[in-house]
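Engineer: My questions are about this predicted structure, shown below with the sequence.
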Amino acid sequence: MKEGKKCNKIVSLVLAAIMMVSVFAVSTPEQVQAAGELSFKGSGKSTVAITDEECTYVTGKETYIKFKPSKTGYVTVTLKNNSTAASGGAAGYLTFCNGSKSSLGQNREYYDTVGEGSRYYTRTYGVKKGKTYFFKVESVGGVKITASAVSAKKGTNNSRSKAKTLGKNKTAKGLIIAGENKADWYKIKVTKRQQVKINYNVKTNGAQYSSGIVSYYNGLKIALYQKNGKPFADGSNYYALANIKNPKDVDGPYYLYNSYNGQKSGIDPGTYYIKVERYNKTSSGYYTIKWK
């Protein structure tokens, strides 16, 4: 089902319930201002609640939640229903912004708290220590947002010449910061002719693209490069997009491997490279990779 149709259906149900109570509960200017001054803690877990009376549908205003991480790493936000008028769930849009409240991620990412899987109500973003961010929430119905900030190291391996050696069957952890176009490079040494398989998992905001009536969620791009630093052709299956991974999703892991026209002959011994980067300018997040 298209995201737009699903959004309209859920929003309509929530609107119908809220309309029954909004006549009797209209937010005052003080309530709107209080919601606009909300903030998450710079580390650990913290929660912000928006009531039915404070939601965008009633006030006509977005809610901004400030976040200033105490350490470089990633923040995962989970949205849950907080509506007393619509017990079935809440819906709306979430936008991750910089300190000037300009979008850093996909503008107005749709969410609903009764979606099929955590990808509908969970997002992860890579963040930098001491930098100010805002979450803009446009809610139809009350919603509770929990942010979990986790520290993670951002490597300096942002070019092929600075590639970090990744041993066979060893796991590397990495971070892509929101708003930064910096890739991570790894160097692998293949000692015999073999099929190379790269296992990866990601936590991401999930940059979205559509094909026909199906919407796909992808966040980080992972590709294997030849000895000369050039990527293998797309048709040889060396190139793939990382499916969105959230804590409650159990599908995966996902693999890159060399097989062309059904053949699995492997690649020659030598030094190869793995490049991890954002899918597009809206992407960021945390990842782990391992090759074998």
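Structural biologist: Received the coordinates, thanks. Since we're looking at a predicted model, the values are computed, not measured. Residues are numbered from 1 along each chain as shown.

Engineer: Confidence-wise, which helix or strand of the protein is lowest on average?
Structural biologist: Least confident element among the helices and strands of the chain, by mean pLDDT, DSSP states H and E: helix 29-36 (a mean of 36).

Engineer: Next, the buried residues of the helix or strand following that one.
Structural biologist: Remark: after helix 29-36, the chain's next helix or strand is strand 44-50, criterion DSSP states H and E. By 16 or more other Cβ atoms under 10 Å, the buried positions in strand 44-50 come out as 46, 48, 50. (Each C-beta comes from the backbone N, C-alpha and C, glycine too.)

Engineer: Poorly predicted segments of the protein, please.
Structural biologist: Applying pLDDT under 70 to the chain picks out residues 1-36, 86-88, 115-116, 206-218, 232-265.

Engineer: Outline the domain layout of it.
Structural biologist: 3-151, 160-291 (automatic domain parsing).

Engineer: Start and end of the shortest one, how far apart?
Structural biologist: By that I understand domain 160-291. End-to-end span of domain 160-291 (Cα to Cα, to the nearest Å): 18 Å.

Engineer: shouldn't residue 81 be in contact with residue 141?
Structural biologist: Yes - assessed by Cβ atoms under 8 Å, residue 81 is found in contact with residue 141 at 7.3 Å.

Engineer: Does residue 58 belong to a helix, a strand or coil?
Structural biologist: The three-state label given to residue 58 by DSSP: H, G, I helix; E, B strand; the rest coil is helix.

Engineer: Helix or strand: which one has residue 149?
Structural biologist: strand 143-151.

Engineer: Endpoints of stretch 151-159, how far apart?
Structural biologist: Termini of stretch 151-159 sit 23 Å apart (Cα to Cα).

Engineer: Now do the strands in the stretch 151-292 of the chain.
Structural biologist: 164-165, 171-176, 184-190, 197-204, 207-211, 214-225, 239-243, 254-257, 270-278, 285-291 (DSSP state E, counting those that start in this stretch).

Engineer: Mutual contacts of residue 81 and residue 141, please.
Structural biologist: 89-90 (Cβ atoms under 8 Å, 6 or more residues apart in numbering).

Engineer: Show me which of these two is the more surrounded one.
Structural biologist: Comparing residue 81 with residue 141 by neighbour count (other Cβ atoms under 10 Å), the higher total belongs to residue 141, at 32 against 20.
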